[in-house]
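> when you get a sec, could you give me coordinates for this:
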Amino acid sequence: MEVIYLGLRVTPEQIAEAAVQEDVDVVGLSCLSGAHVTLFPKTVSLTRERTDRDILFIGGGIIPKKDVSKLKEAGIARTFGPGAPILEIVTFIKNSIGGE
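Numbers count the residues shown, from 1 in each chain. Next up, the predicted model:
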C-alpha cells in the first residue's frame, strides 16, 4: 500500500481534491476533536462530487458508538477506535477493495 499523508488540520475540500488528484482507492480520516459527524460526511460528499470512482472511506479517532451509524449512512464503511490493531485495519481494507 502506498500512503499519502496530508497532515493535521486539513479541510474536507483539501482531502477531496487530493483524493481525486492522486486517484486513491481508500480515504482514511481521523478526528479527535469531536467534529467527525460534520467533517467525515462532508469529505465523502465533496469527494463523490468530484469523481465517480468507488472510493472506500474509513474513519478513526474517538467516535462514540451513537455516531457510528450516522457515519455509515454518510458513506464511512468502518470506524476504528484508539488502539485498533494496524493488521485489523489493513485486513478490512484488503477485504473491501480486493487487495492481495
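> and the lengthiest helix in the chain, what's buried?
Taking DSSP state H as the criterion, the chain has its longest helix at helix 36-50. Neighbour counts using 16 or more other CB atoms under 10 Å place 36-37, 39-44, 46-48 of helix 36-50 among the buried residues. Just so you know, the C-beta spots here come from the backbone N, C-alpha and C atoms, and that holds for glycine as well.
> reformat these as a markdown table; add distance to V3 and pLDDT.
Listed next are the buried residues of helix 36-50 as a markdown table, based on distance: CB to CB, whole Å; pLDDT from 0 to 100:
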| residue | distance to V3 | pLDDT |
| --- | --- | --- |
| H36 | 20 | 96 |
| V37 | 25 | 96 |
| L39 | 20 | 97 |
| F40 | 19 | 98 |
| P41 | 23 | 98 |
| K42 | 22 | 98 |
| T43 | 17 | 98 |
| V44 | 19 | 98 |
| L46 | 21 | 98 |
| T47 | 17 | 98 |
| R48 | 22 | 98 |
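> and which of those residues is nearest to Y5?
T43 (15.3 Å; CB to CB).
> so what's the residue nearest to the closest one when sequence neighbours are not counted up against?
Computed as CB to CB, 6 or more residues apart in numbering, the closest residue to T43 that is not its neighbour in sequence is P12, at 4.0 Å. When contacts are counted by CB atoms under 8 Å, 6 or more residues apart in numbering, P12 touches 39, 42-43, 46.
> possible to save these as CSV with distance to G75?
Putting the contacts of P12 into CSV (distance: CB to CB, whole Å) gives the following:
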residue, distance to G75
L39, 13
K42, 11
T43, 9
L46, 11
